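1. build me a structure from this.
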Amino acid sequence: MLRSDNRPAGPVEGWAFETDPRRRVVVTGMGTISPHGHGVAEFWHGLSHGVSAVGRITQCNTDGYPTRIAAEVKDFDPTRWIEGKEARRMSRATQFAVASARQALDDSGLPVTDANSEEIGVLLGTGTSAFPEIEQGARVLLTRGGMRMNPLFAPIILANMCASQVSIQFGLRGYNSTLITACAATTMAI
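-> Below you'll find the model as predicted:
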């Protein structure tokens, strides 16, 4: 969460500010939804203790494929972080982004107010999003016809909806963008 002058948005006690204009990122809070768990502590525990998050694929049918293992996010309930009606209007990837952002905002202690909301933006990196929702939409289109498709299909599957929904859900009215550069996306966003 950044201000346009490269300082954390809102009052954050104990911060020493860099004067080097090339240093433009301040991490004020962290959050994660990952195969190791739904929070930074679970994620770090899994990584630091060498716990494998790989297991049998449960999110899709693997019949006919040589690989049946993956590191899936399991037991994710989006309503822990997102109101149910809103969650139903998001892809699973967008739900992950909003839940992670909720954790990061909570961890930061950064209040989002009318006074600072235009100074707080979202820059999110992704490879893509919404594969399950795209597959389901194609199935509906082919079996039931275009008139039976979810009217929100297009906005749900767009890769930039992760960043857009983070902004919408938390009232962040500053710069908003999505980098879609595969494995390099997160590093580029930072």
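2. so where do the helices sit in this protein?
-> Here the chain has its helices, by DSSP state H, at 40-48, 84-88, 92-108, 131-144, 153-157, 161-170, 185-189.
3. what lies in contact with the last one?
-> Identification of contacts with helix 185-189 by Cβ atoms under 8 Å, 6 or more residues apart in numbering yields 123-127, 179, 181. Heads up, the C-betas are built off the backbone N, CA and C, glycines and all.
4. pLDDT check: weakest of these?
-> Among the contacts of helix 185-189, Gly127 has the lowest pLDDT, at 84.
5. for that residue, give its distance to Val27.
-> 22 Å (Cβ to Cβ, to the nearest Å).
6. more neighbours: these two, which one.
-> Gly127 (14 against 11; other Cβ atoms under 10 Å).
7. and of the contacts of helix 185-189, the nearest to Ala159?
-> Using Cβ to Cβ, Thr126 comes nearest to Ala159 of those, at 5.6 Å.
8. hmm, the closest one is touching Leu179, no?
-> Yes - with contact defined as Cβ atoms under 8 Å, Thr126 reaches Leu179; the gap is 7.4 Å.
9. so the two - more neighbours on which side?
-> Per other Cβ under 10 Å, whichever of Thr126 and Leu179 has more neighbours is Thr126, with 22 against 19.
10. quick one: residues contacting that one.
-> Going by Cβ under 8 Å, 6+ apart, the list of residues near Thr126 reads 93, 159, 162, 178-180, 185.
11. 7 Å instead?
-> 159, 162, 178, 180, 185 (Cβ atoms under 7 Å, 6 or more residues apart in numbering).
12. neighbours around Ile69, how many?
-> 11.
13. pretty sure Glu133 is touching Ile156, no?
-> Yes - the criterion here is Cβ atoms under 7 Å, and Glu133 meets it with Ile156 at 5.6 Å.
14. overlap in contacts, these two.
-> Counting by Cβ under 7 Å, 6+ apart, the residues touching both Glu133 and Ile156 are Ser91.
15. which of the two has more neighbours?
-> The neighbour comparison of Glu133 against Ile156 (other Cβ under 10 Å) goes to Ile156, with 22 against 19.
16. can you read off the pLDDT for the more buried one?
-> Predicted confidence (pLDDT) for Ile156: 93.
17. repeat that for Phe17.
-> Confidence score, pLDDT, at Phe17: 52.
18. low-scoring pLDDT stretches of the protein, where are they?
-> Flagging of the chain using pLDDT under 70 yields the residue ranges 1-25.
19. filter the contacts of Thr126 down to the buried ones, ChimeraX style.
-> Written as a ChimeraX command, the selection of buried residues from the contacts of Thr126, which uses 16 or more other Cβ atoms under 10 Å, is:
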select :159,162,178,185
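20. which one of the contacts of Thr126 is nearest to Glu118?
-> Nearest to Glu118 among the contacts of Thr126, with distances taken as Cβ to Cβ, is Thr178, at 19.2 Å.
21. any idea how far the closest one is from Asn160?
-> Counting by Cβ to Cβ - Thr178 and Asn160 are separated by 4 Å.
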